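**Q** Test case, fold it:
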Amino acid sequence: MSRVSRLIATVGSLAATLLLGVAFGQTSTESKTWEVVAVQGNTVVAKGPDGTKEYNLPPDFKMDMDGKPIAVSDLKPGMTVHATITTKVTSHPVYTTEVKNGEVMAVRGYTVVMKTDAGYQQFTPERMKSGDVMIFKGVIDCSANPNYPAADAGNLYKVSVAGKIGGASGPNVEAGDTLYCITDSTASGNHATVGANWVIAQVNIDGAVTGPASATDNALVLFNGTGGKVVKDSAVTVSTDGTFAANSDSKVSTEKAIKTYVASQTTVLPAAFYPGTPTASALVLYLPFAIAVTLPANLAGSYVKAKTAATASTAFDVQKNGSSVGTITFAASGSTATFSTTGGAAVSFAAGDVISIVSPATPDATLSDIGFSLLANR
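**A** Alright, predicted model coming up:
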């Protein structure tokens, strides 16, 4: 046999409450003086020691004015009246008996027989359930996201290992949290089916952060104030668009998106200047690329100009590793060139590829002092 000094922690108070039918009366009498403020039927508004109040008086209620009795129906505003008030308070004592300490004499299944100050008592599961006694049932390892166990109201469990309770979609719980059932005959199940029948008491909420009831999907979180425990919806979302098409202050781009955009905006400007009049098939430009680049279709964005205009139409050949990929053409009497690429398509160069510009086999007699500035995107 063992002494149980904390029975109340395991089987509760097991209290029997008796409401006795014996009443004890207490009577008090006091005299008060009022000044009548208003009267309507049996309702009187009067100013007294407790302030101005409204009273609903019985028709036969009598007061005293100048030593003479006066009925409610005879009251007028401005009168000063006196009355003796008798108050009777009836008390009904309540007696509570609790089993706080006991000696376990026998255990048969879930029934416990105890020796208490009131003698031997037997506590069955039904008796304990009827008193909504909390009963510690054991621990639950939540690392594998288990379902809630089958339970009755008052069944209590401790979380031994953190995880989720009520399946993978259930709430997070930490080691030491308490789970207790509040509904009898609750079946085992996930949080969606039986979660409403359970209460989770967190063991540690120090530093817990609270937020709004709803938020913008994929939005960044901002602190609300300086306390460090309340957050708010920034309405600023994360963007993976490498073109920055939205041009918005309500988006923040990822590292990859920024890299994509920067790469698309990086330009290379192959440039050359040929003084005087180019000779036949002269190599005006010869440049190997250190990085991979692309010439836009029809060399969009490039400029080639001559200080002295051409007499006749003159075309320079643009080559990739010695093969023609486009032309730079000066019209007759023109000093600003136009461009074309093979098939009107962009031309890609890998790192190490060479771009070259070759003058025509029959040079123009007057075209001279030519500047070449080509645009290439990374």
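**Q** got the contact list for the helix or strand containing Met63?
**A** Counting by DSSP states H and E, the element that carries Met63 is strand 62-65. Residues outside strand 62-65 that contact it (CB atoms under 8 Å, 6 or more residues apart in numbering) are Pro69, Ile70, Ala71, Val72, Leu75, Met79, Thr80, Val81, His82, Ala83. In short, each C-beta sits where N, CA and C put it, glycine included.
**Q** ok, then the element right after it?
**A** Counting by DSSP H and E, what follows strand 62-65 is strand 68-71.
**Q** List the buried residues in that following strand.
**A** With burial defined by 16 or more other CB atoms under 10 Å, the residues of strand 68-71 counted as buried are Ile70.
**Q** how about the nearest residue to Val268, chain neighbours excluded?
**A** Using CB to CB, 6 or more residues apart in numbering and skipping the chain neighbours, the partner closest in space to Val268 is Ala376 (4.3 Å).
**Q** Likewise for Gly352?
**A** When the adjacent residues along the chain are set aside, Gly352 lies closest to Pro288, with 6.1 Å between them (CB to CB, 6+ apart).
**Q** on that earlier part again, can you flag the buried ones in the contacts of strand 62-65?
**A** Among those, the ones that count as buried by 16+ other CB under 10 Å are Ile70, Val72, Leu75, Met79, Val81, Ala83.
**Q** Does the first one touch Val81 like I think?
**A** This means Ile70. Yes. The pair Ile70 / Val81 is scored as a contact, 6.4 Å apart, by CB atoms under 8 Å.
**Q** Tell me which stretches of the stretch 1-150 of the chain form helices.
**A** 7-11, 125-130 (DSSP state H, counting those that start in this stretch).
**Q** Of these, which shows the lowest average pLDDT?
**A** Here the helices of the stretch 1-150 of the chain differ in mean pLDDT, and the lowest is helix 7-11 at a mean of 34.
**Q** which residues sit in contact with Pro49?
**A** Counting by CB under 8 Å, 6+ apart, Pro49 touches Lys32, Thr33.
**Q** Please report how far Val325 lies from Asp353.
**A** From Val325 across to Asp353, the span is 11 Å (CB to CB, to the nearest Å).
**Q** Compare these two and say which is more crowded by neighbours.
**A** Val325 (21 against 15; other CB atoms under 10 Å).
**Q** Which of the helices or strands spans that one?
**A** Going by DSSP H and E, Val325 is in strand 323-330.
**Q** other SSEs contacting that strand?
**A** Contact here means 3 or more CB pairs under 8 Å, 6 or more residues apart in numbering; DSSP states H and E; on that basis strand 323-330 packs against strand 314-320, strand 338-341.
**Q** one more time with 10 Å
**A** Contacts defined by 3 or more CB pairs under 10 Å, 6 or more residues apart in numbering; DSSP states H and E place strand 323-330 against strand 303-308, strand 314-320, strand 338-341, strand 347-349, strand 354-358, strand 368-373.
**Q** Using CSV, list the CA coordinates for the longest strand along the chain.
**A** Longest strand in the chain by number of residues, with DSSP state E as the criterion: strand 24-40. Extracted in CSV, the C-alpha atoms of strand 24-40 (Å, rounded to 0.1, in the frame of the first residue of the first chain):
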residue,chain,number,x,y,z
PHE,A,24,-30.6,31.5,8.1
GLY,A,25,-32.2,35.0,8.1
GLN,A,26,-30.5,38.3,8.9
THR,A,27,-32.6,41.5,9.2
SER,A,28,-31.4,45.1,9.2
THR,A,29,-33.4,48.4,9.6
GLU,A,30,-32.4,51.9,8.7
SER,A,31,-34.1,55.3,8.2
LYS,A,32,-33.5,57.4,5.1
THR,A,33,-34.6,60.9,4.0
TRP,A,34,-35.3,61.7,0.3
GLU,A,35,-36.2,64.7,-1.8
VAL,A,36,-38.8,63.9,-4.4
VAL,A,37,-37.6,64.8,-7.9
ALA,A,38,-40.4,63.3,-10.1
VAL,A,39,-43.4,61.0,-9.7
GLN,A,40,-45.2,58.9,-12.3
